[in-house]
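[1] any chance you can model this:
(one chain, ligands or ions: 1)
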Amino acid sequence: MISPCVMSGHCCLTAPCLYGKAGEDGICIYLDQPNEIGQRACLKHDEIIEKEKSEPEILQMMGKGCSSTLFNELRNSVINELNREKSNDRNNNK
Ligand code: SF4
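    Numbering: from 1, shown residues only. Modelled structure (predicted):
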């Protein structure tokens with residue numbers, strides 16, 4: 001079973017995908033800055049979704065899950081923040 005993507009940006013920081021482009025620092029220029037819990041959006045998300053729909057023979061990647069779950073500190077950090085938010089919501093609704 002594949003684990004869900006939590007938008008940590010880990011894979012995009014490892015190397016740009018086939019839709020991306022490395023900047024001078026090697027990081028994809030379409031990777032947005034982290035939000036308050038460390039999640040990073042792809043600024044080409046909608047374009048990639050459309051491309052994947054129109055050319056299904058191309059590798060489908062967006063939203064398909066995470067294959068790098070072990071020792072992934074960025075991913076673990078986002079999961080911890082999401083769990084903290086869930087716990088706070090539960091406590092606030094008591
Ligand atoms: S184009 Fe988007 S999904 Fe691809 S590496 Fe860049 S930020 Fe990540």
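[2] up against the ligand, what does this protein have?
    Within the chain, the positions adjacent to the ligand are C12, P16, C17, Y19, G20, C28, Y30, L31, C42, K44 by C-beta under 6 Å from any ligand atom. Where you see a C-beta, it was placed from the backbone N, CA and C, and this is true even at glycine.
[3] what is the most widely separated pair among those?
    Y19 and L31 (11.5 Å; C-beta to C-beta).
[4] which of the residues of the chain next to the ligand tops the neighbour count?
    Of all the residues of the chain next to the ligand, C28 has the most neighbours under the rule other C-beta atoms under 10 Å, reaching 24 neighbours.
[5] now do the contacts for that one.
    Taking C-beta atoms under 8 Å, 6 or more residues apart in numbering as the definition of contact, the neighbours of C28 are C12, L13, P16, C17, G20, K21, A22.
[6] how about 7 Å then?
    For C28, the set of contacting residues under the criterion of C-beta atoms under 7 Å, 6 or more residues apart in numbering consists of C12, P16, G20, K21, A22.
[7] helices - which of those residues land there?
    Filtering the contacts of C28 for membership in helices, criterion DSSP state H, returns C12.
[8] now, which of the contacts of C28 sits nearest N88?
    C12 (28.1 Å).
[9] pretty sure the closest one sits against I29.
    No: if you go by C-beta atoms under 7 Å, C12 and I29 don't touch, sitting 10.4 Å apart.
[10] so how far is the longest helix seen in the chain off the chain centroid?
    What stands out as the longest helix in the chain, according to DSSP H, is helix 73-92. Taking the mean of its C-alpha atoms, helix 73-92 sits 16 Å from the chain's own mean (C-alpha atoms, centre = their mean, to the nearest Å).
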